[in-house]
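Visitor: got a structure for you, letters missing:
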């Protein structure tokens, strides 16, 4: 520690304060060219911002406990149809029971009355199952609704963080473009090209989530 | 075709050789923030020994990977696409990168990278891609994901589907 401090004092005496800054900048650029991800940004403020925004990407886009897909709109359609069908089935069973009760009340033959009574009992059992099926279908739609809303919330966050990361690299690209110092200009050019080449990757990641958001919005029950 | 049949197809198309992850992102994606972690995950592994859960959750890497590495890890993603269809976390990214350039809202690899990918794939590998896309298109025929898979198929890959001849 003391040795490093002595070294810094010696360097600043030889080069002067601006010389030290330039030596640091040159070293930062040299390092950045050989590195990947946020570490490929030579400016410490932008590098720190990139790392922090990427933590958000990891948390909101890649966290297995947070859904970021709704599958397909057809899942919602099928679930809603199941609710309609199961309700229709219950209505039909209710009508059937009413008809049977009506027939039973008008029946004069005991055997016929007994037979109709058994049919009514079966109809009541079917109705019980039918109502349970309605409850289950409604619960499935509710669960779907919750998943879709959760996914939409997570996707919005994910897109925000992904855009923020891409914007940090865009700022870094603008900044390296403006570098004119002879000692770093070659490194700056390499970095500018690296940022340009990998811009597509960020755009694809954002487009993927924009598409997922659109599917989720169309999946709302 | 079931999952086992598709696995047989994948094994025949993609050899289980150790992946060289050195410079995996050098070609197109040095700004991928998870480059080091992703490269460490795949280095020296064969595609069958890769952690599928990690890979599909990090499918954003596909937009940044160099062509050779992309082909090396592709079977893991195709398997997920075939088996999980619309529920795979990687489906959206795969549909974008496999979409041939030129569509009005093209936000895929772009012409140069798509051409490089096609050049790097042999016919059996292209057929495996067509099979996985067909699985998604059939599983979600009336949904937007299935329609997107059908459009990607029709845009380039359908001619490689089993039983079809090369274009």
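Guide: Nice, I can see it. Note that the structure is predicted; figures quoted are calculated from it, not measured. Numbers count the residues shown, from 1 in each chain, chains lettered A, B, ... in the order given.
Visitor: so what's the residue lying closest to residue B:52 once chain neighbours are set aside up against?
Guide: The shortest distance from residue B:52 to any non-neighbouring residue, by C-beta to C-beta, 6 or more residues apart in numbering or on different chains, is to residue B:76 (5.5 Å). Quick note: C-beta positions are derived from backbone N, CA and C, even for glycine. Listed by C-beta atoms under 8 Å, 6 or more residues apart in numbering or on different chains, the contact partners of residue B:76 are B:47, B:50, B:52, B:55, B:56.
Visitor: Check residue A:117 too.
Guide: When contacts are taken as C-beta under 8 Å, 6+ apart, residue A:117 is in contact with residue A:104.
Visitor: Ok, residue A:36 next?
Guide: Contacts of residue A:36 (C-beta under 8 Å, 6+ apart): B:25, B:30, B:31, B:32, B:35, B:36.
Visitor: Could you list the low-pLDDT ranges of the chain?
Guide: Picking chain A for this. Counting by pLDDT under 70, the ranges of chain A that qualify are A:1-22.
Visitor: let's do chain B instead
Guide: B:103-105, B:163-167.
Visitor: Please identify the residues of it in proximity to chain A?
Guide: B:25, B:27-36, B:53, B:57-60, B:62-64, B:86-87, B:89, B:91-93, B:96-97, B:107-110, B:113, B:140, B:142-146, B:148 (C-beta under 8 Å from any C-beta of the partner chain).
Visitor: The closest residue to residue B:107 other than its chain neighbours: how many residues sit nearby?
Guide: The shortest distance from residue B:107 to any non-neighbouring residue, by C-beta to C-beta, 6+ apart, is to residue A:207 (4.1 Å). The number of residues packed near residue A:207 is 20, by other C-beta atoms under 10 Å in any protein chain shown.
Visitor: Check the contact between residue A:207 and residue B:109; I expect there is one.
Guide: No. Assessed by C-beta atoms under 8 Å, residue A:207 is found out of contact with residue B:109, at 11.7 Å.
Visitor: OK, contacts around the closest residue to residue B:25 other than its chain neighbours?
Guide: Nearest residue to residue B:25 in three dimensions, chain neighbours excluded: residue B:35, at 4.5 Å (C-beta to C-beta, 6+ apart). By C-beta under 8 Å, 6+ apart, the residues touching residue B:35 are A:36, A:37, B:24, B:25, B:29, B:61, B:64.
Visitor: please redo it, this time with the cut-off set to 6 Å
Guide: Contact analysis of residue B:35 by C-beta atoms under 6 Å, 6 or more residues apart in numbering or on different chains lists A:36, A:37, B:25.
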